[in-house]
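1. Sequence first, then the predicted structure:
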Amino acid sequence: MVMAQSLFIALKNTHPDCQIDVLAPAWTLSLLERMPEVSKAIVMPLPRGKFGLIERIKLGLSLRSKGYNQAILLPNSWKSAIPAFFANIPVRTGYIGECRWGLLNDARKLDKNLLTMTVQRFVALGLSVDAPMPPTCPKPALTISKDRQQAVIDKFQLMPTPAAPVPDRLAAYTPSMEIKILALCPGAEYGPAKRWPTEYYAEVARHKIDQGWQVWLFGSDKDKADAAQINREASGFCTDFTGRTSLAEAVDLMSLANTVVSNDSGLMHVAAALDKKVIAIYGSSNPGFTPPLNDKARIISLNLDCAPCFKRECPLGHTHCLTGITPDQVLEHITLTQSGRK
Ligand code: SF4
């Protein structure tokens, strides 16, 4: 969804008066609320993966009265094109995907060698078929308000103080120092071949806490055990938000962070769209395909011969693509982001 914002921005750049409504799963609505290009979000009533032919037809019929001029379909599945077809939308644009000839009437052939990045594939669908490719992709930019930031500060009773007691652990800290916040995102829904080891995250956390930083842990319920381990190894001085926030709150909290260290995950893209200094750690995936779309981002990938294998679990049983990235490397990148150096 974050990458789709590049398409929304590109559409607004070429058609400033166009109205963009987005059909999307309910859990993504808080992201859409933070995209000024989007006029309205329409909740997809079906869970991911469910075919639901009748529901999709009904959804399409319910949208007929809206008078949409064009539907742009980002998923490549056959079922995803059904609502637009039954909504009688005159131009239905998408990649041919699962033989969608009848459902689409502006069917594009995807040249994977030309459009090597997911975001390019999205943006290309908003341009005419004879536009120069690959397209220039505007960077996603989620909008954050001071009110929303204050709301999460109040809710979680956050204080601008060092994470650890002074002066026991903080040789370098003085009370006049600005307190920096390091956000760690140790999860990756995809699988362990995208998750940097928790003990490495913990080492980074300990190091920054000792320098007077606050360290905040982000993730869903599924990441709670990993976050708890990181926090234990950091003597409980992290602020653990895993499983305690809505996505909206996680976005607003992350907007307060100075630097974000993340696996290749949805939160990494959120952090990039918040214009954070992102250290993005890649294992089995390809940073060239779905990079963080942010000039401040730093990508760490070992580019092993076996990578990218795109597997959820390492087929070789060692996950060296991640275990070979050391905490010292990540700390070095954090230091470099602070100095503004590339
Ligand atoms: S095969 Fe290589 S790239 Fe894939 S998970 Fe294992 S070490 Fe990583």
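-> Good, I have the coordinates.

2. where's the residue in the stretch 1-150 of the chain positioned nearest to the ligand relative to A124, distance?
-> In the stretch 1-150 of the chain, no residue comes nearer to the ligand than T116, which is 18.3 Å away by CB to the nearest ligand atom. The C-beta positions use only the backbone N, C-alpha and C, and glycine is treated the same way. Distance, T116 to A124, using CB to CB, to the nearest Å: 12 Å.

3. quick one, which of the two is more surrounded?
-> More crowded of T116 and A124, by other CB atoms under 10 Å: A124, with 24 against 13.

4. what does the stretch 101-250 of the chain have sitting close to the ligand?
-> Contacts of the stretch 101-250 of the chain with the ligand, taken as CB under 6 Å from any ligand atom, map to A193.

5. Helix, strand, or coil at the closest residue to the ligand within the stretch 101-250 of the chain?
-> Proximity of the stretch 101-250 of the chain to the ligand (CB to the nearest ligand atom) peaks at A193, 4.0 Å away. Taking DSSP: H, G, I helix; E, B strand; the rest coil as the rule, one finds A193 in the helix state.

6. how many neighbours does the nearest residue to it once chain neighbours are set aside have?
-> Leaving aside its chain neighbours, A193 sits nearest to S284 (3.8 Å; criterion: CB to CB, 6 or more residues apart in numbering). Number of residues near S284 (other CB under 10 Å) recorded here: 25.

7. same thing with S265?
-> Using other CB under 10 Å, the number of residues around S265 comes to 23.

8. does G94 belong to a helix or a strand, and which?
-> If you go by DSSP states H and E, G94 is part of strand 91-95.

9. and that strand, how far from the chain's centre?
-> Distance, stretch centre to chain centre, for strand 91-95: 25 Å (CA atoms, centre = their mean, to the nearest Å).

10. Give me the residues contacting that strand.
-> 69-74, 76, 81, 84-85, 100, 103-110, 121, 125 (CB atoms under 8 Å, 6 or more residues apart in numbering).

11. And stretch 143-151, by the same measure?
-> With contacts defined as CB under 8 Å, 6+ apart, stretch 143-151 is touched by 34-36, 248, 251-252, 255-256, 274.

12. CA-only coordinates of it in CSV, if you can.
-> Only the C-alpha atoms of stretch 143-151 are listed here, as CSV (Å, rounded to 0.1, in the frame of the first residue of the first chain):
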residue,chain,number,x,y,z
THR,A,143,1.4,13.0,6.3
ILE,A,144,1.7,13.3,10.0
SER,A,145,0.0,15.9,12.2
LYS,A,146,1.3,17.3,15.5
ASP,A,147,-2.1,16.4,17.0
ARG,A,148,-1.7,12.7,16.1
GLN,A,149,1.8,12.7,17.5
GLN,A,150,0.7,14.3,20.7
ALA,A,151,-2.1,11.8,21.0
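
13. picking that back up, what is the mean pLDDT for the helix or strand that comes right after the strand holding G94?
-> Sequence order places strand 106-108 as the next helix or strand after strand 91-95, per DSSP H and E. The average of the pLDDT scores along strand 106-108 is 94.

14. Now find how far off-centre the next helix or strand after strand 106-108 is within its chain.
-> Next helix or strand after strand 106-108 toward the C-terminus (DSSP H and E): helix 118-124. Put simply, helix 118-124 sits 15 Å off its chain's centre (CA atoms, centre = their mean).

15. cool, and stretch 60-72?
-> With CA atoms, centre = their mean as the basis, stretch 60-72 stands 28 Å off its chain's centre.

16. Give the buried residues for it.
-> Across stretch 60-72, burial judged by 16 or more other CB atoms under 10 Å covers 60, 63, 68, 70-72.

17. what's the answer for stretch 4-23, then?
-> 4-12, 20, 22-23.

18. Dump these to JSON lines, plus pLDDT and distance to the ligand.
-> Putting those into JSON lines (pLDDT from 0 to 100; distance: CB to the nearest ligand atom, whole Å) gives the following:
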{"residue": "A4", "pLDDT": "97", "distance to the ligand": "27"}
{"residue": "Q5", "pLDDT": "98", "distance to the ligand": "29"}
{"residue": "S6", "pLDDT": "98", "distance to the ligand": "27"}
{"residue": "L7", "pLDDT": "98", "distance to the ligand": "30"}
{"residue": "F8", "pLDDT": "98", "distance to the ligand": "33"}
{"residue": "I9", "pLDDT": "98", "distance to the ligand": "33"}
{"residue": "A10", "pLDDT": "97", "distance to the ligand": "32"}
{"residue": "L11", "pLDDT": "97", "distance to the ligand": "36"}
{"residue": "K12", "pLDDT": "97", "distance to the ligand": "38"}
{"residue": "I20", "pLDDT": "98", "distance to the ligand": "37"}
{"residue": "V22", "pLDDT": "98", "distance to the ligand": "34"}
{"residue": "L23", "pLDDT": "96", "distance to the ligand": "34"}
